[in-house]
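Participant: give me coordinates for this.
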Amino acid sequence: MHGTIESAKIDALRERASSLPLEQYDPGDPELFRTDTFWPYFDRLRREDPVHYCKDSMFGPYWSVTRYNDIMEIETNHSVFSSASALGGITIRDVDPDLRRESFISMDPPRHAAQRKTVAPMFTPTHLDNLALNIRKRSAECLDNLPRGEVFDWVDQVSIELTTQMLAVLFDFPWEDRRKLTRWSDIATTIPGADGLVATDEERMAELGECAAYFSRLWKERAEQPPKSDLLSMMVHSAATRDMDAKNFLGNLVLLIVGGNDTTRNTMSGSIYALSQHPEQYRKLRENPALLDSFVPEVIRWQTPLAHMRRTALSDFEFRGKQIKKGDKVVMWYVSGNRDEEAIEKPYDFIIDRARPRTHLSFGFGIHRCVGLRLAELQLKIIWEEILKRFDHIDVMGEPKRVYSSFVKGLETLPVKIAA
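Facilitator: From the prediction side, this is the model:
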């Protein structure tokens with residue numbers, strides 16, 4: 001009975017997308033993402049109103065940019081569209097000015113480059129080769145310990161476990177406390193509310209304060225040790241980051257934790273779900289594991305683990321015939337650009353041997369392109385190499401529970417079963 005009610009509700013939401021006047025559109029409503037019913041809204045916006053103004057929402061007024069090429073244009077125009085945390089940062093949700101934390105993703109040139117450069121050595125090919133050995137060992141252990149013949153939650157037992165282990169390695173973080181990293185990542189991006197992880201912004205800041213205090217202790221330890229190859233040591237021994245104030249320190253930590261956690265976790269979960277929806281692609285992958293090289297970027301496009309990034313207009317600007325005013329919030333919907341028929345052939349199809357699978361916006365574009373994208377791809381490739389060695393099939397046993405957020409596009413739970 002519950003399933004029937006749910007599908008009737010979803011049909012009603014889809015019907016609403018086509019009948020609702022465009023001026024009443026609020027594509028950033030997190031409920032659309034929790035119910036996975038935002039697609040028809042973006043389809044219509046790309047067709048009829050690709051640069052759309054929403055006058056009123058739970059996040060205030062904002063512009064939506066929904067086409068692939070328009071997003072790239074906004075993303076590379078730093079003189080007009082700012083990422084600065086002082087103006088509100090990179091998400092549709094404004095943070096109270098007292099609680100804003102600067103990080104290199106929420107900085108404009110030229111300061112952005114110096115801080116980003118500090119952590120970039122973590123993601124060089126040589127370093128990734130070393131990390132790959134670690135990732136493979138941990139992936140194998142994780143998969144070998146999975147239950148057979150019974151339903152379990154893939155998100156918790158695989159996606160969260162492996163990404164949290166990887167984060168602990170990247171930060172050289174105390175192993176027994178590694179699940180704190182998952183918690184802090186979720187807290188950093190959650191929308192406070194009665195059903196949320198926290199009820200209020202004050203509770204959220206209290207937990208992020210614990211994150212800052214924990215890392216401050218580790219920071220002091222690394223400062224007294226010779227330089228090592230973990231992210232904290234890199235930051236503490238670099239002129240660009242060693243004297244960060246407390247807010248900038250926490251901002252960069254949260255950026256690296258969320259970046260290392262959400263993207264990989266959601267694509268790991270999304271890959272299982274995508275193959276369950278496209279059994280012919282799963283068969284193709286089993287028959288030819290060499291397709292993993294194109295499968296990985298296709299999963300990242302298809303899932304789009306962060307639905308948007310936001311900018312703030314530094315001056316009045318006319319874009320595609322629309323008058324964007326100084327101070328306006330401009331949201332670049334990656335999730336819509338990744339389904340743009342004009343940029344991507346058959347964008348709603350999951351095709352693991354696409355000719356150009358890296359044509360996607362999931363990692364952003366330009367100077368703010370995800371610094372860890374190669375590591376994210378590597379983790380996804382290795383876990384699937386190990387899955388294909390072990391299991392003929394992983395069956396999805398029910399619909400996933402999706403995150404209530406129009407920023408993090410992820411799965412909270414995904415029930416699966418591996419044949420005994």
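Participant: could you pull out the strands for the stretch 101-250 of the chain?
Facilitator: For the stretch 101-250 of the chain, applying DSSP state E, counting those that start in this stretch gives strands covering 151-153.
Participant: low-confidence ranges in it?
Facilitator: Low-confidence segments of the stretch 101-250 of the chain, defined by pLDDT under 70: 101-122.
Participant: in the helix or strand encompassing N252, which residues are buried?
Facilitator: N252 belongs to helix 246-277 when elements are defined using DSSP states H and E. For helix 246-277, the buried set under the neighbour-count rule, 16 or more other CB atoms under 10 Å, comprises 247-276. Just so you know, the C-beta spots here come from the backbone N, C-alpha and C atoms, and that holds for glycine as well.
Participant: name the next helix or strand downstream of it, please.
Facilitator: helix 279-287.
Participant: run through the neighbouring helices and strands of that next one.
Facilitator: helix 246-277, helix 373-390 (3 or more CB pairs under 8 Å, 6 or more residues apart in numbering; DSSP states H and E).
Participant: from the chain's centroid, how far away is that helix?
Facilitator: Between the mean C-alpha location of helix 279-287 and the chain-wide mean there is a distance of 26 Å, by CA atoms, centre = their mean, to the nearest Å.
Participant: what about it, average pLDDT?
Facilitator: The pLDDT scores in helix 279-287 average 97.
Participant: just want the angle from it to helix 246-277.
Facilitator: 100 degrees (axes from the mean of the first three to the mean of the last three CA atoms, to 10 degrees).
Participant: immediately after helix 279-287, which helix or strand?
Facilitator: Following helix 279-287 toward the C-terminus (DSSP H and E): helix 292-303.
Participant: list of residues touching that following helix?
Facilitator: Outside helix 292-303, the residues that touch it by CB atoms under 8 Å, 6 or more residues apart in numbering are 263, 266-267, 270-271, 274, 285, 338, 344, 350-354, 357-360, 362-363, 376-377, 380-381, 384-385, 409.
Participant: C-alpha coordinates for that helix, CSV please?
Facilitator: What follows is helix 292-303, C-alpha atoms only, in CSV (Å, rounded to 0.1, in the frame of the first residue of the first chain):
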residue,chain,number,x,y,z
LEU,A,292,35.8,0.4,-16.1
ASP,A,293,37.8,3.3,-17.6
SER,A,294,34.7,4.7,-19.2
PHE,A,295,32.3,3.3,-16.6
VAL,A,296,33.8,5.4,-13.8
PRO,A,297,33.3,8.9,-15.3
GLU,A,298,29.9,7.8,-16.6
VAL,A,299,28.8,6.9,-13.0
ILE,A,300,30.1,10.3,-11.8
ARG,A,301,28.1,12.1,-14.5
TRP,A,302,25.0,10.0,-13.9
GLN,A,303,25.0,10.4,-10.1
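Participant: could you point out which element follows that helix?
Facilitator: strand 308-313.
Participant: that following strand packs against which elements?
Facilitator: helix 68-75, strand 81-82, strand 329-333, helix 334-337.
Participant: which non-adjacent residue is nearest E23?
Facilitator: Closest residue to E23 apart from its sequence neighbours, by CB to CB, 6 or more residues apart in numbering: K55 at 7.3 Å.
Participant: thought that neighbour was touching W63?
Facilitator: No. The pair K55 / W63 is not scored as a contact, 10.7 Å apart, by CB atoms under 8 Å.
Participant: number of nearby residues for R390?
Facilitator: 12 (other CB atoms under 10 Å).
Participant: for it, give me its contacts.
Facilitator: Contacts of R390 (CB under 8 Å, 6+ apart): 143-144.
Participant: please redo it, this time with the cut-off set to 7 Å
Facilitator: L143 (CB atoms under 7 Å, 6 or more residues apart in numbering).
Participant: ok, it to D144 distance?
Facilitator: Distance, R390 to D144, using CB to CB, to the nearest Å: 8 Å.
Participant: K55 and W63: which is more packed in?
Facilitator: W63 (21 against 11).
Participant: give me the helices and strands touching the helix or strand that contains that one, please.
Facilitator: Assigned by DSSP H and E, W63 falls within strand 62-65. Applying 3 or more CB pairs under 7 Å, 6 or more residues apart in numbering; DSSP states H and E, we find strand 62-65 packed against strand 51-54, strand 329-333.
Participant: who does it pair up with?
Facilitator: strand 51-54 (antiparallel), strand 329-333 (parallel) (DSSP bridges).
Participant: can I get those strands in CSV including mean neighbour count and distance to A290?
Facilitator: Converted to CSV, those look like this (neighbours: other CB atoms under 10 Å; distance: least, CB to CB, whole Å):
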stretch, mean neighbour count, distance to A290
strand 51-54, 20, 41
strand 329-333, 26, 33
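Participant: which one of the ones you listed lies nearest to K137?
Facilitator: strand 329-333 (37.8 Å; CB to CB).
Participant: Provide a list of residues in contact with S315.
Facilitator: 80, 326.
Participant: surely it is in a helix?
Facilitator: No. Counting by DSSP: H, G, I helix; E, B strand; the rest coil, S315 is not found in a helix; it is coil.
Participant: closest one to F319 among the strands paired with strand 62-65?
Facilitator: strand 51-54 (5.9 Å).
Participant: hmm, who's touching that closest one?
Facilitator: With CB under 7 Å, 6+ apart, strand 51-54 has contacts from 22, 25-26, 45, 61-65, 70, 319-320, 322.
Participant: now it: average pLDDT?
Facilitator: Mean predicted confidence for strand 51-54 is 98.
Participant: let me see the ranges of the helices in the stretch 51-200 of the chain.
Facilitator: Along the stretch 51-200 of the chain, counting by DSSP state H, counting those that start in this stretch, helices occupy 68-75, 111-119, 125-144, 154, 161-171, 179-189.
Participant: L414 is nearest to which of those?
Facilitator: Per CB to CB, nearest to L414 of those: helix 154, 4.5 Å.
Participant: quick one: contacts of the closest one?
Facilitator: By CB under 7 Å, 6+ apart, the residues outside helix 154 that reach it are 269, 272, 414, 416.
Participant: appreciated, that's everything.
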